[in-house]
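# dropping a prediction and its sequence here:
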Amino acid sequence: MMLIFENSMKCAIICSALSNSAKRRILEILSRGPLALDTLAALTGVSEILIKDVINEMEGLGIVKTEIVEKRGVKKIFVKPLIPLYYEGAVGGLNKIVEETSHRMIEDFMKIVSDGIDEIEKAFNDNEGRYTISSILAYCFAAAYKKACEKLYSMWEEEYQDVVKTWIKEVTKDTKK
């Protein structure tokens, strides 16, 4: 897992949440998509009251976000992670895409590094050797990965809104009956 933080406090908060098996499980489940609070409780095997307390704590730390959706007297709380967690083995059948993507990413990254070697050496020298070349390269790759994930996250946000709209449609159908 690759984590990049703007400040050490955010790093400590996230690492604390990831070291707690219950919070880590919640984030793992939410990484597959936003869920209604009652569904999240059912998937984790935790009561809605307890899971609501944990979610409120995680929301206060900036790790997840809740959204209350109400339509025709039916209220539902949806939860989504603000820091998506990706882990190995979660989605089967995608090996070919993952292999091809990783191959292209490394190939393209190494070409960009080769073209920008002067800039990398300057950064190394400007930082008076505080970083090794390999750590500078890892930083570049991780920062680029973070930017790419931010773009993917905006697409994910649109999908999240679609999920909520679909739920509202289904609930309003049920209340009409």
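Looks like it arrived, so ask away. Predicted model only: the values in this text are computed from it and were never measured.
# can you give me the end-to-end span of stretch 106-124?
21 Å (C-alpha to C-alpha, to the nearest Å).
# contacts for it, please.
Contact with stretch 106-124 is made by 131, 133, 136-137, 140-141, 144, as judged by C-beta atoms under 8 Å, 6 or more residues apart in numbering. Quick note: C-beta positions are derived from backbone N, CA and C, even for glycine.
# let's see it at 6 Å
133, 136, 141 (C-beta atoms under 6 Å, 6 or more residues apart in numbering).
# which residues touch the last one?
Spelled out, it's Phe141. Here Phe141 is in contact with Phe109 (C-beta under 6 Å, 6+ apart).
# gap between it and Ser135?
Distance, Phe141 to Ser135, by C-beta to C-beta, to the nearest Å: 11 Å.
# quick one: neighbours of the residue lying closest to Trp167 once chain neighbours are set aside, just the number.
Once flanking residues are discounted, Trp167 sits nearest to Lys76: 6.5 Å by C-beta to C-beta, 6 or more residues apart in numbering. If you count neighbours by other C-beta atoms under 10 Å, Lys76 ends up with 17.
# my read: Lys76 touches Val69, true?
Yes - Lys76 lies in contact with Val69 (C-beta atoms under 6 Å); the separation is 5.2 Å.
# what's the closest of the contacts of stretch 106-124 to Ile63?
Minimum distance to Ile63 across those is 24.4 Å, recorded for Phe141 (C-beta to C-beta).
# mind jotting down where the strands sit in this protein?
Applying DSSP state E to the chain gives strands spanning 35-36, 64-71, 74-81.
# could you dump these to CSV with mean pLDDT and distance to Ser154?
Shown next, in CSV, are these (pLDDT from 0 to 100; distance: least, C-beta to C-beta, whole Å):
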stretch, mean pLDDT, distance to Ser154
strand 35-36, 83, 20
strand 64-71, 82, 15
strand 74-81, 77, 13
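# in TSV: those, plus distance to Glu158.
Compiled in TSV, the strands of the chain are given as follows (distance: least, C-beta to C-beta, whole Å):
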stretch	distance to Glu158
strand 35-36	17
strand 64-71	14
strand 74-81	12
